[in-house]
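>>> Starting from these lines, generate the structure:
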Amino acid sequence: MGTCGAGVFVCVNNGNKASLADALHFAPTTLSLDNYWERVIEPIRLAKWYNAPRPEGADAEAWDCRAALVDAIHYEAV
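Here you go, the predicted model:
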């Protein structure tokens, strides 16, 4: 079993930055490349849902790319 980048990383862009910042409790204006890991990745990787056991069957593929789903949940067209 390999992990796709979408299971680890979250793309941050103008469409999701404000909502993502709100959900992760930081001001969107303070996010930078230097603190991306600390502000975005670490809180997600500590979350209960992120650390849930990998399901079997059809849900396994979605689980493998679960971090990318964060973008989908928080994205709003700009």
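>>> and residue 8, what are its phi and psi?
Main-chain dihedrals, residue 8, degrees, to the nearest 10: phi -120, psi -40.
>>> give me the element the closest residue to it other than its chain neighbours is part of.
Leaving aside its chain neighbours, residue 8 sits nearest to residue 67 (5.6 Å; criterion: Cβ to Cβ, 6 or more residues apart in numbering). To be clear about C-beta, it is placed using only N, CA and C from the backbone, and glycine gets the same treatment. For residue 67, the element it lies in under DSSP states H and E is helix 66-74.
>>> which other residues reach that helix?
Contacts with helix 66-74, where a contact means Cβ atoms under 8 Å, 6 or more residues apart in numbering, come from 6-11, 16, 19-20, 23, 44, 49-50, 62.
>>> Any idea how far apart the tips of stretch 53-68 sit?
17 Å (Cα to Cα, to the nearest Å).
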